[in-house]
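S.K.: fold the following.
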Amino acid sequence: MVKIKKEGIIKKSSKNENLSYITCGTHSPKPYELLESDEMKELLSILKQQYDYIIIDCSPNLGQLTLNALVAADEIIVPVQAAYLPIKGLEQLLKTISRVKRKMNPKLHIMGILLTMVDYRTNYANEITEVLYQVYGSEIHIFENVIPMSVRAAET
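M.R.: Here you go, the predicted structure:
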């Protein structure tokens, strides 16, 4: 059974924001990358009673945490950097999502692809976006809104 220590849930509330998050640090019952997929499902079922949305932010790899998150999630947003190698990595991720959906989580649904680090002032970003729409646009929703390239974000 997974237990969540109260001090592990950090709440941020303000006039325009009501957000809680669980750290993967010392307050965690055990590091979340070590949770089994059934434990993550149990954790999410507990949290679903208290929250409208639960976002699991995984590192950009196909490690154990990402696989467990795919098994436990209902929907997925796939952030993809507007560059050649991340687009190639998208192919592998989609194969993994398909396998997880087929074998472990039939209700998993891809909400869409979200382009990140986009600088439409360059021909490169425009070409990558065009390729993304050509290859995946008929099968997967691609969000119109993108996360632009930001020096300020990179510095943080």
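
S.K.: for L132, give me its contacts.
M.R.: 80, 82, 87, 113, 115, 142 (C-beta atoms under 8 Å, 6 or more residues apart in numbering). For the C-beta atoms, the positions are set from N, CA and C on the backbone; glycine is no exception.

S.K.: mind exporting the stretch of helix or strand the fourth one belongs to as PDB, just the C-alpha atoms?
M.R.: Following DSSP states H and E, the helix or strand that holds I113 is strand 109-116. Written as PDB, here are the backbone C-alpha positions of strand 109-116 (Å, rounded to 0.1, in the frame of the first residue of the first chain):
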ATOM      1  CA  HIS A 109      -5.200   8.000 -25.000                       C
ATOM      2  CA  ILE A 110      -2.800  10.500 -26.700                       C
ATOM      3  CA  MET A 111      -4.300  13.900 -26.300                       C
ATOM      4  CA  GLY A 112      -1.800  15.300 -28.700                       C
ATOM      5  CA  ILE A 113       1.700  16.500 -29.500                       C
ATOM      6  CA  LEU A 114       2.900  19.800 -28.100                       C
ATOM      7  CA  LEU A 115       5.800  21.400 -29.900                       C
ATOM      8  CA  THR A 116       8.400  23.000 -27.500                       C
END
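
S.K.: any idea of the pLDDT on the residue of the chain most remote from its centre?
M.R.: Largest separation from the mean C-alpha position in the chain: N123, at 27.4 Å (C-alpha atoms, centre = their mean). For N123, the model assigns a pLDDT of 91.

S.K.: again, but for the one 5 residues further on
M.R.: According to the per-residue confidence, I128 scores 90 in pLDDT.

S.K.: how near is it to K95?
M.R.: 20 Å (C-beta to C-beta, to the nearest Å).

S.K.: low-confidence regions, the chain specifically.
M.R.: Applying pLDDT under 70 to the chain flags residues 1-17, 21-37, 153-154, 156.

S.K.: pull the longest helix from it.
M.R.: helix 84-103 (DSSP state H).

S.K.: CA atoms of that helix as CSV?
M.R.: Output in CSV follows, covering the C-alpha atoms of helix 84-103 (Å, rounded to 0.1, in the frame of the first residue of the first chain):
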residue,chain,number,x,y,z
TYR,A,84,15.3,16.6,-35.9
LEU,A,85,16.5,14.2,-33.2
PRO,A,86,13.5,14.7,-30.9
ILE,A,87,11.2,14.0,-33.9
LYS,A,88,13.1,10.8,-34.5
GLY,A,89,12.7,9.9,-30.8
LEU,A,90,9.0,10.5,-31.1
GLU,A,91,8.7,7.5,-33.3
GLN,A,92,10.1,5.2,-30.6
LEU,A,93,7.9,6.8,-27.9
LEU,A,94,4.8,6.2,-30.0
LYS,A,95,5.7,2.6,-30.5
THR,A,96,6.1,2.2,-26.7
ILE,A,97,2.8,4.0,-26.1
SER,A,98,1.2,1.6,-28.6
ARG,A,99,2.7,-1.4,-26.8
VAL,A,100,1.6,-0.2,-23.3
LYS,A,101,-1.9,0.5,-24.6
ARG,A,102,-2.1,-3.0,-26.2
LYS,A,103,-0.7,-5.0,-23.3
